[in-house]
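Enquirer: next comes the sequence, and after it the predicted model I'd like to discuss.
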Amino acid sequence: MNKGYLSLVLHGHLPYVRHPEHENFLEEDWLYEAITETYVPLITVFEGLVNDGIDFRVTMTLSPTLTSMLMDALLQERYLKHINRLIDLAHHEIERTRHEPQFNTLANKYLADFKHARYIFEKYNRNLVAAFKNFQDLGKLEIITCGATHGYFPLMDVCRASVRAQVKVAAQHYESVFGRKPRGIWLPECGYHPGHDEILKEAGIKYFFTDSHGILHGTPRPKYGVFAPVYCKGTGVAAFGRDLESSKQVWSSIEGYPGDFNYREFYRDIGFDLPFDYIKPYIHPDGVRINTGIKYYRITGPGDRKEPYVPEWAREKAAQQAGNFMFNRQKQTDYLFDFMQRKPLIISPYDAELFGHWWYEGPMWIDFLIRKIACDQDVIRLITPSEYLEENPRNQVITPSMSSWGWKGYSEMWLQGSNDWIYRHLHEASDRMTELATTYRNSSGALKRALNQALRELLLAQSSDWGFILGTGTHTSYAVKRTKDHLLRFTRLYEDIKSNSIDEGWLADIESKDNIFPNIDYKVHQ
């Protein structure tokens, strides 16, 4: 008889980056790195748990943009070339380090990792979404959706039709991929605005996640804090709040587990460390140095001096810290159970790419944690939000407050001096899209294609990733270009539609480039 529940939530998302017009495009590596370092390792962990008969529950976002990229034939082909290039590099590294035993052992390990990534990729016919769908069909994984292109909803509320389109397109896409309607949604950047639960209800979505203060500052105040979901007043859509303690213990690189000195150092990669002439065939053709994924050093300490990475030490630490996390959740649950007089629910959400990409040992840590929870204790039970609501249907009714996660928790990351210029253009385009959708209720042929493409361009421009990148100051030129490109394409489509002068050649070109959501219907933007 457990005393409480733990819900592990992994948010899998990347912005839509697909450039068929270029043979090699630097930002496409974001996807390839995520496949090799996060999604293949997670699939491997889940496969091992299933094969060993370990029961588990994990909740995971696969955002519509990430899903679309994972299922895209062009990007699949390019990933295969990418991983084959890394396998070739690993072979060269084995030869180069033959007189350096510690590095040579690691080079052999990376070769095995890359070959395994290629094996898993080909095992699922290059479509990793099929692997995750299989775990959902087995009842182990609950896959939830997100905004269609991860648009930041609170700053879109001035044109609520855009929020509705983001949700409806995402829900329709999810159903076409997974063969069922989505039960839950990860609000992009956990950005909640009161009233948006009405849109979620229209789409048949039963629950969403918000940051802690979105629940704690709700009206009336929640009786159980973030340790039980609440129902939104008027809609009955459930809101689950993030537990700060368990979240910080994992995601913080300073206070959390990933900063342990025995773990692999992310920022020491041979793509930057080795001589240019040697590494040139494996970096960008323009000579831009990039991360290869081959990293030979551990964190060691806060300074610049780094010692060689020792996988056995890191594995031992991952096991210890998985046990520590479980112990802390047991003690937290014991205390909350006595205080609340009901079983608490601890929501622990993280960006999926923390595990494997940023924190190399993260998937291993998840594996240890799930096995320990299944075999070594009986205080907490892993559960998905849907299962929790089925077992605990009676919950308090409140109105959550506007909130987000990120810097200061109230949109500041997405609305600051570096990125505030984009919103007047996004809002004007949203109003124009509503105008198009209401004016041209019946269309066919080139007109219908242009209207659908206009909505695609608007959705792609709305991605919160561009504002976030501008806020962080990295890859800013790309974020600016993407924002402007999509807005300019939308504007030309709008003007061509209004003047009845659609250029079908140009339309076909941007349809081939921005080909996300092939079954999109512009009429959802009303």
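Expert: The structure has been received and is ready for your questions.
Enquirer: mind listing what's buried along the host helix or strand of residue 459?
Expert: Residue 459 belongs to helix 445-461 when assigned by DSSP states H and E. Neighbour counts using 16 or more other Cβ atoms under 10 Å place 449-461 of helix 445-461 among the buried residues. Every C-beta, even on glycine, is put in place using the N, C-alpha and C of the backbone.
Enquirer: same deal with stretch 305-321?
Expert: For stretch 305-321, the neighbour count (16+ other Cβ under 10 Å) marks 306, 309, 311, 314, 317, 318, 319, 321 as buried.
Enquirer: circling back: now do the buried residues in the very next helix or strand once past the helix holding residue 459.
Expert: The helix or strand immediately downstream of helix 445-461 is helix 464-472, counting by DSSP H and E. Neighbour-count burial for helix 464-472, counted by 16+ other Cβ under 10 Å, picks out 464, 465, 466, 467, 468, 469, 470, 471.
Enquirer: closest to residue 121 out of those residues?
Expert: residue 465 (24.4 Å; Cβ to Cβ).
Enquirer: in this structure the closest one contacts residue 17, no?
Expert: No: counting by Cβ atoms under 8 Å, residue 465 does not reach residue 17; the two are 9.3 Å apart.
Enquirer: now the strands for the protein?
Expert: All strands of the chain, identified by DSSP state E, fall at 4-12, 58-62, 141-146, 184-186, 207-210, 230-232, 238-241, 345-351, 380-382, 397-398.
Enquirer: how close does the nearest residue to residue 111 once chain neighbours are set aside get to residue 285?
Expert: What sits nearest to residue 111 in space, not counting adjacent residues and going by Cβ to Cβ, 6 or more residues apart in numbering, is residue 90, at 3.8 Å. As judged by Cβ to Cβ, to the nearest Å, residue 90 and residue 285 stand 20 Å apart.
Enquirer: go through the buried residues of helix 445-461 and name the one nearest residue 221.
Expert: Relative to residue 221, the closest of the buried residues of helix 445-461 is residue 459; by Cβ to Cβ it sits at 36.3 Å.
Enquirer: how many residues are close by the nearest residue to that closest one once chain neighbours are set aside?
Expert: Nearest non-adjacent residue to residue 459, counting by Cβ to Cβ, 6+ apart: residue 149, 4.5 Å away. The burial count assigned to residue 149 is 30, neighbours taken as other Cβ atoms under 10 Å.
Enquirer: what pLDDT does the closest residue in space to residue 308 that isn't next to it in sequence get?
Expert: Nearest residue to residue 308, sequence neighbours excluded (Cβ to Cβ, 6+ apart): residue 102, at 4.4 Å. The score at residue 102 is 96. That number is its pLDDT.
Enquirer: and for residue 102, the neighbour number?
Expert: 13.
Enquirer: and residue 424, by the same measure?
Expert: For residue 424, the neighbour count with other Cβ under 10 Å is 9.
Enquirer: got a list of contacts for the helix or strand bottoming out on mean pLDDT in the chain?
Expert: Lowest by mean pLDDT, DSSP states H and E among the helices and strands of the chain is helix 244-251, with a mean of 90. By Cβ atoms under 8 Å, 6 or more residues apart in numbering, the surrounding residues in contact with helix 244-251 are 6, 212, 226, 255-258, 325, 328-329, 332, 346, 348-351, 354.
Enquirer: hmm, which of those are the buried ones?
Expert: Buried among these by 16+ other Cβ under 10 Å: 6, 212, 226, 256-258, 325, 329, 332, 346, 348-350, 354.
Enquirer: between those residues, which is nearest residue 293?
Expert: Using Cβ to Cβ, the shortest approach to residue 293 within the buried ones among the contacts of helix 244-251 belongs to residue 354, at 16.0 Å.
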